[in-house]
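*Asks:* Sequence and predicted model, in that order:
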Amino acid sequence: MELYDSFALVLPRERLLRNEPMRLHTSFRVGGPADVMFAPAGEEELSLALKHAKRLGCPSTVIGNGSNLLVKDGGIRGLVIRLGDAFSETRFEGGDVFVSPGQSLARLSQMAMERGLTGLEFASGIPGSVGGAMAMNAGAYQGEMKQVTQGARLMDPVSGQVLSCTEEELCLGYRESRMLKTGEIVTRVHLRLQPGDKTEILAKMEDFNARRRDKQPLNYPSAGSTFKRPEGKFAGALIEGAGLKGTRVGGAQVSEKHAGFIINAGGATARDILDLIALVQEKVLKDSGVKLETEVRVLGEDA
């Protein structure tokens, strides 16, 4: 039996897609097809999909909105589970916020501002979802998820079992977390925000967003900052210092606006982007002795 039909026996067919192009689900706008894609409506369906994949001996991959993701040109084998709008439930109880992983981080920061709650201003321009932000401990402008996180519910990617973890147990660090090591899936996050002045919160958000527009190549497809910040240095400055600003491989380019961003300047393939990443790493290492590590999550297989 074809893989799609096997999943259609146990999952709602209207939310199952066959050979779905991953370029439609990543901010880089590149990537080959997922064999099968499923958008669960909640924890129960997510668990069911994972368990069925295990029974079939089929690999499973969970994604959010694909803003920090590079999928290779050959696509992703097996099942891709996309946590989208159905996983965006958000509940405010005073300063305590209980939010599902598919919620937009920018939208969440807007909702907090509207309620006069401070702590998420740094996230107002980050294009990712809450689940991805937790896995990467997303941050900007001296703020990060760790600062406002109280705990989370995680689902085991094989058994589908759920457990609750404290902030300490999530092991949040610079672009790292327990989830990146274990593959556990965030299904609910508990954040704690503080009362603040709505006008001041909005002003800070507008300032951060203006700085982003001024410095970052937001008019091109990308996955945000391509490389992690080396200790005591800035990746963009090292790349620019190595004379790489504007360097192209096929349709991929080191942004002329901010060298820390690799962009899809038009018609790029995942191979173009990966080759440009390797070129940047090689030349920066030779120029400054610093080995740049990627911040972008790479999935799939070559064409």
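*Replies:* Structure's in. What do you need?
*Asks:* CA only for contacts and neighbour counts going forward, please
*Replies:* OK.
*Asks:* Phi and psi next, for residue 222.
*Replies:* Reported as degrees, to the nearest 10, the phi and psi values for residue 222 are phi -160, psi -180.
*Asks:* what sits against it?
*Replies:* 27, 28, 29, 67, 261, 262, 263, 264 (Cα atoms under 8 Å, 6 or more residues apart in numbering).
*Asks:* Could you verify my assumption that residue 292 touches residue 226?
*Replies:* No - counting by Cα atoms under 8 Å, residue 292 does not reach residue 226; the two are 9.6 Å apart.
*Asks:* And the contacts of stretch 228-243?
*Replies:* With Cα under 8 Å, 6+ apart, stretch 228-243 has contacts from 175, 227, 245, 258-261, 280, 283-284, 287-288, 290, 292-295.
*Asks:* Among these, which ones are in strands?
*Replies:* Using DSSP state E, the subset of the contacts of stretch 228-243 located in strands is empty.
*Asks:* Filter those down to the buried ones and hand me the ChimeraX line.
*Replies:* The buried residues among these can be selected in ChimeraX (16 or more other Cα atoms under 10 Å) with this line:
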select :175,227,245,258,259,260,261,280,283,284,290,292,295
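*Asks:* circling back: show me which of the contacts of residue 222 are buried.
*Replies:* 27, 28, 29, 67, 261, 262, 263, 264.
*Asks:* Format those residues as TSV; extra columns: pLDDT, secondary structure and distance to residue 2.
*Replies:* Listed next are the buried ones among the contacts of residue 222 as TSV, based on pLDDT from 0 to 100; DSSP: H, G, I helix; E, B strand; the rest coil; distance: Cα to Cα, whole Å:
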residue	pLDDT	secondary structure	distance to residue 2
27	95	coil	30
28	97	coil	30
29	97	coil	28
67	90	coil	30
261	96	coil	40
262	97	strand	38
263	97	strand	36
264	98	strand	34
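*Asks:* Report the two of these separated the most.
*Replies:* Of all pairs drawn from the buried ones among the contacts of residue 222, the one with the longest distance (Cα to Cα) is 29 and 261, at 14.8 Å.
*Asks:* where's residue 60 relative to residue 154, distance?
*Replies:* According to Cα to Cα, to the nearest Å, residue 60 and residue 154 sit 16 Å apart.
*Asks:* Residue 17 now?
*Replies:* On the measure of Cα to Cα, residue 17 and residue 154 end up 25 Å apart.
*Asks:* Next: residue 139.
*Replies:* 21 Å.
*Asks:* Domain ranges for the protein, per the record?
*Replies:* 3-85, 88-214, 217-299 (automatic domain parsing).
*Asks:* how about residue 111, phi and psi?
*Replies:* Per degrees, to the nearest 10, the backbone of residue 111 is at phi -60, psi -40.
*Asks:* Repeat that for residue 154.
*Replies:* phi -120, psi 140.
*Asks:* Disregarding flanking residues, what is the spatial nearest neighbour of it?
*Replies:* residue 186 (4.6 Å; Cα to Cα, 6 or more residues apart in numbering).
*Asks:* Number of residues surrounding the one you found?
*Replies:* Counted by other Cα atoms under 10 Å, the residues lying close to residue 186 total 24.
*Asks:* do the same with residue 10
*Replies:* Applying other Cα under 10 Å, I find that residue 10 has 12 neighbouring residues.
*Asks:* Could you check how far the nearest residue to residue 147 once chain neighbours are set aside is from residue 290?
*Replies:* Closest residue to residue 147 apart from its sequence neighbours, by Cα to Cα, 6+ apart: residue 119 at 8.0 Å. From residue 119 across to residue 290, the span is 33 Å (Cα to Cα).
*Asks:* and if you look at residue 194?
*Replies:* Taken as Cα to Cα, the span from residue 194 to residue 290 is 39 Å.
*Asks:* in the host helix or strand of residue 165, what's buried?
*Replies:* Assigned by DSSP states H and E, residue 165 belongs to strand 162-166. Applying a neighbour-count criterion of 16+ other Cα under 10 Å, the buried positions in strand 162-166 are 162, 164.
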